[in-house]
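S.K.: This is a predicted model, with the sequence first.
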Amino acid sequence: MPSCCPDAQDKSKPLVVSLCGTFLKPEMQSIYRQVTGFQRVRTIVYTQNHENAELFPFEPVKVLKKLPRPRPRGNFVKRFWYKHVLKVWPPPRPIERHVHPYYPYDLVARLKKNDPELVHVYYGHKAVHYYEMIRAWGGPFVVSFHGVDVSKFLDRPAYVATLKKVFANAKLVMARSQSLLDRLVVLGCPKDKLRLNRTPIPLEHLNAVPRTTPSDGQWRLVQACRLIPKKGIITALKALKIVTETHPNVKYVICGVGPLAGKIQRTAAELELSSHVELRGWMSQDQLLQEYEAAHIFLHPSETTKDADQEGIPNSMLEAMATGLPVVATQHGGIPEAVTHGFDGLLVPERSPDQLAEALLSLMNTPSLLTTMSTHAAASVRANFGANAQVAAMEDVYFEAISRK
């Protein structure tokens, strides 16, 4: 993907600061597609942590400077009174004055220096974190929610109070799926501020190939994701146990890293599935594409966690569909907005290994259904999630927000 540099950016275009906590984690490729895909605005990235620069080359990226908290100012008169007149030391009550306001990063100064038309804060919980600094700057901002950030920290009253301030003062609020927009309404965001902005998926390099039944019975089911509870991998393993009874050569290929890796390996061993499961670790886009091309079905049985964490629309699922992989997934979060049950995939209830296995077997045992859904998957993702259209839609949101200034 192309990178940007200051010289390449047309100064006549509005300047938007793209503000995120980390630029970028490997799983945040959709953000990279956005900041490198702008046509009508130019952007500077502000971040606390600059990571994986070799994977995501971009200029300019400005790393926010951490500011030390000023030492409290002492009160000389009170100190003298307690120490030398009353001879009471330490004093029975605080006599120091804290310096206000204190901001943990140099964000305010940077914004005043660069004077952008707009700030785009990626992830809702980061908007809460940066809120006071953005307000101190005084310019307009928008926020985009991506999934987990509609459920984080809601048990903290101070966080919820600031989140409501974010909703009140943001010009517009974006989310990756209609299900996330609905959740934001419940959390208190005014409906008239909400805008749908789907994940941008580059399709030019993805060739769609209709899937057919493997003649040798070597089925490959693939899932690409962070190895975390909401991805439903343990449920998938239980379903796989059922599938192996009639398809003994099936492989479940899991691409990704995360804290659940050990549990996945232990569960596979307990279910006597170790020979059927391949944990491939983190993979580059080219490596993922090779896995998609070798697979027959994309599996993504997401499930809502105990702390209400849920998916938007998984990027990996959209990319897999673009190559012609039909999907077997759950009726969860934004997934039904991308997968139409019975057309380009099959959707089952969450945490239901029996129904998940039944859906897999219906595709594996019906060659015509597999090929038809494969063709439909490639067509539907191209119609609804093309990168150029979604980046342009985000720019539309920017201009609308700027017009409200």
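M.R.: Arrived safely.
S.K.: mind checking how far stretch 338-349 is from the chain centre?
M.R.: How far stretch 338-349 lies from its chain's middle: 22 Å, per Cα atoms, centre = their mean, to the nearest Å.
S.K.: Next: stretch 13-27.
M.R.: In terms of Cα atoms, centre = their mean, the centre of stretch 13-27 is found 13 Å from the chain centre.
S.K.: what's the span of that stretch, first residue to last?
M.R.: From its first residue to its last, stretch 13-27 covers 29 Å (Cα to Cα, to the nearest Å).
S.K.: Any buried residues in it, and which?
M.R.: Buried positions in stretch 13-27, judged by neighbour count with 16 or more other Cβ atoms under 10 Å: 15-27. All C-beta spots, glycine's among them, are computed from the backbone N, C-alpha and C.
S.K.: Identify the bridge partners of the residue lying closest to Thr47 once chain neighbours are set aside.
M.R.: Leaving out its chain neighbours, the residue that sits closest to Thr47 by Cβ to Cβ, 6 or more residues apart in numbering is Phe23, at 4.0 Å. Counting by DSSP bridges, Phe23 is bridged to His50.
S.K.: Hmm, Phe23 is touching Pro57, no?
M.R.: No. Counting by Cβ atoms under 8 Å, Phe23 stays clear of Pro57, with 11.3 Å between them.
S.K.: which residues in this protein form strands?
M.R.: Applying DSSP state E to the chain gives strands spanning 15-23, 42-50, 61-63, 118-122, 141-145, 172-175, 194-196, 220-224, 251-255, 277-281, 297-300, 327-330, 345-348.
S.K.: would you turn these into JSON lines with distance to Thr375?
M.R.: Formatted as JSON lines, the strands of the chain follow (distance: least, Cβ to Cβ, whole Å):
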{"stretch": "strand 15-23", "distance to Thr375": "37"}
{"stretch": "strand 42-50", "distance to Thr375": "37"}
{"stretch": "strand 61-63", "distance to Thr375": "41"}
{"stretch": "strand 118-122", "distance to Thr375": "35"}
{"stretch": "strand 141-145", "distance to Thr375": "32"}
{"stretch": "strand 172-175", "distance to Thr375": "30"}
{"stretch": "strand 194-196", "distance to Thr375": "26"}
{"stretch": "strand 220-224", "distance to Thr375": "18"}
{"stretch": "strand 251-255", "distance to Thr375": "22"}
{"stretch": "strand 277-281", "distance to Thr375": "27"}
{"stretch": "strand 297-300", "distance to Thr375": "14"}
{"stretch": "strand 327-330", "distance to Thr375": "13"}
{"stretch": "strand 345-348", "distance to Thr375": "12"}
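S.K.: Contact partners for the residue of the chain positioned farthest from its centre?
M.R.: Residue farthest from the centre of the chain, counting by Cα atoms, centre = their mean, is Val85 at 60.9 Å. By Cβ atoms under 8 Å, 6 or more residues apart in numbering, no residues touch Val85.
S.K.: ditto for the one 3 residues further on
M.R.: If a contact means Cβ under 8 Å, 6+ apart, then Val88 has Tyr82 as its contacts.
S.K.: Distance of it relative to Arg79?
M.R.: Val88 sits at a distance of 11 Å from Arg79 (criterion: Cβ to Cβ, to the nearest Å).
S.K.: can you check Tyr130 too?
M.R.: 36 Å.
S.K.: same thing with Gly139?
M.R.: Look at Gly139 and Arg79: by Cβ to Cβ, they are 41 Å apart.
S.K.: now do Asn249
M.R.: Using Cβ to Cβ, one gets 80 Å for the distance from Asn249 to Arg79.
S.K.: circling back to that earlier point, which of Tyr130 and Arg79 has more residues huddled nearby?
M.R.: Tyr130 (27 against 14; other Cβ atoms under 10 Å).
S.K.: Model confidence for that one, exactly?
M.R.: Predicted confidence (pLDDT) for Tyr130: 98.
S.K.: residue contacts, it?
M.R.: Contacts for Tyr130 were tallied using Cβ under 8 Å, 6+ apart; they are Leu19, Leu107, Val121.
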